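> I would like to see how this sequence folds:
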Amino acid sequence: MAHQKRVHSLGVVLKEGLDKETVSNIVRRIVNAGLQAYTLNDLSSEGAIKVDDVNDLKSRVDVVVSVGGDGTLLRTLRMLKDETPVLAVNVGHRGILSEIKPEEIDEALLKLMNGEYLLDRRMRLVARTSVDLPPATNEIYVVRRRHIGTPLFTIKLSGIQLSARMDGVIVSTPTGSTGHAYSLKGPVLQENLDGVLIVPVSPLQNMPPIVIRPQSITIKVDQSVDVVVDGQEVFELEGGGEVEISRYKYDANLVRMRGYTLKQLLKMIT
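Residues are numbered from 1 along each chain as shown. As a prediction, this is how the structure comes out:
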């Protein structure tokens with residue numbers, strides 16, 4: 001395994017409402033390993049240093065540890081916005097995107113300190129309406145807001161224009177292909193594939209899912225819709241408005257302790 005930068009300090013981002021015992025145990029183990037821990041929460045009793053905001057956090061740390069589930073990881077990546085490496089500790093259910101469980105934290109910390117880890121780069125997307133929306137690691141979902149009349153979606157890409165009446169359209173990264181796009185019969189893509197998945201939602205015309213090279217995609221809808229980022233943040237777009245979706249300038253960097261492809265697919269089927 002190629003050596004990475006040795007880690008001396010960690011930022012800790014926690015799932016909202018996570019029980020105090022789990023939080024305290026993880027932070028204590030980080031501090032006891034000889035690493036400096038920084039958090040946005042008050043965990044000074046466990047030896048962590050509280051910082052005021054995310055910019056202060058990422059300026060002080062080598063790696064951020066996301067403690068929660070896939071939702072916490074996605075929120076952490078949107079919050080960081082840049083290429084700060086993130087190690088995801090799963091305290092939820094399946095944790096398709098997560099790397100380790102809490103009981104594996106000691107071994108992971110040792111590998112981080114020795115530089116024995118991998119960085120798994122994942123492309124992200126960004127949407128723009130009248131403003132830039134937060135970056136999406138999984139997908140951007142443009143979906144009807146009302147249930148009277150099926151909206152007409154017009155998708156412009158590669159110099160062509162596709163129009164169909166449907167409930168919505170998902171524009172997904174390969175990472176997001178195992179998420180909402182998969183539940184709508186989209187294909188599972190290899191995570192490091194340089195491609196974008198477009199999945200129509202309940203189209204009235206025949207329109208299959210397609211995979212394209214990363215490029216600017218413009219979606220115009222004749223009715224009011226919501227633009228949903230990673231299934232967590234919702235932004236309104238009025239009828240006749242457009243949303244432009246393109247590759248985000250910074251990839252996500254996921255810390256891995258071992259390397260293999262189709263990691264998400266393997267977690268789904270085992």
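
> give me every residue that touches V255.
By C-beta atoms under 8 Å, 6 or more residues apart in numbering, the residues touching V255 are 63, 85-88, 99, 112, 117-120. (Each C-beta comes from the backbone N, C-alpha and C, glycine too.)

> What is the nearest of these to G239?
Distance to G239 across the contacts of V255 (C-beta to C-beta) is lowest for V86, with 37.5 Å.

> so what's the closest residue to the closest one other than its chain neighbours bridging to?
In space, and not counting its chain neighbours, V86 is closest to V64: 4.9 Å by C-beta to C-beta, 6 or more residues apart in numbering. Under DSSP bridges, the beta-bridge partners of V64 are G11, V86.

> V64 - how many residues pack around it?
Close neighbours of V64, defined as other C-beta atoms under 10 Å, add up to 25.

> That one and P85 touch, don't they?
Yes: look at V64 against P85 with C-beta atoms under 8 Å: they come within range, at 7.1 Å.

> follow-up on the earlier one: can you lay out the contacts of V255 as a markdown table showing distance to D226?
Listed next are the contacts of V255 as a markdown table, based on distance: C-beta to C-beta, whole Å:
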| residue | distance to D226 |
| --- | --- |
| V63 | 34 |
| P85 | 32 |
| V86 | 27 |
| L87 | 32 |
| A88 | 27 |
| E99 | 31 |
| L112 | 39 |
| Y117 | 38 |
| L118 | 36 |
| L119 | 33 |
| D120 | 30 |
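
> okay, among those, which ones form the most distant pair?
Distance extremes for the contacts of V255: the farthest pair is L112 and D120 at 14.5 Å, using C-beta to C-beta.

> the more surrounded of those two?
Between L112 and D120, L112 has the larger neighbour count (other C-beta under 10 Å), namely 26 against 20.

> Next, the buried residues of the helix or strand the more buried one falls within.
In this assignment (DSSP states H and E), L112 forms part of helix 105-114. By neighbour count with 16 or more other C-beta atoms under 10 Å, helix 105-114 contains the buried residues 105, 108-109, 111-113.

> And that helix, what does it pack against?
Secondary-structure packing of helix 105-114 (3 or more C-beta pairs under 8 Å, 6 or more residues apart in numbering; DSSP states H and E): helix 20-32, strand 86-90.

> got the contact list for that helix?
For helix 105-114, contacts defined as C-beta under 8 Å, 6+ apart pick out 3, 6-8, 10, 26, 29-30, 33-35, 62-63, 87, 89, 99-100, 117, 255, 257.

> got the buried residues for stretch 57-67?
Across stretch 57-67, burial judged by 16+ other C-beta under 10 Å covers 57-58, 61-67.

> Span of that stretch from start to end?
End-to-end distance of stretch 57-67 (C-alpha to C-alpha, to the nearest Å): 15 Å.

> repeat for stretch 128-143
Distance between the two ends of stretch 128-143: 15 Å, counting by C-alpha to C-alpha.

> what is the mean pLDDT for it?
For stretch 128-143, mean pLDDT rounds to 97.

> Figure out how far it is from the centre of its chain.
12 Å (C-alpha atoms, centre = their mean, to the nearest Å).

> For the spatially closest residue to S98 that is not a sequence neighbour, give me its contacts.
Excluding its sequence neighbours, the residue lying closest to S98 (C-beta to C-beta, 6+ apart) is N90, at 3.4 Å. The contact partners of N90, by C-beta under 8 Å, 6+ apart, come to 68-69, 98-101.

> what pairs with N90 across the strands?
Here N90 sits in beta bridges with G68, going by DSSP bridges.

> ok so, going back, between the buried residues of stretch 57-67, which sits nearest V171?
Of all those, V171 sits closest to S66, with 23.9 Å by C-beta to C-beta.
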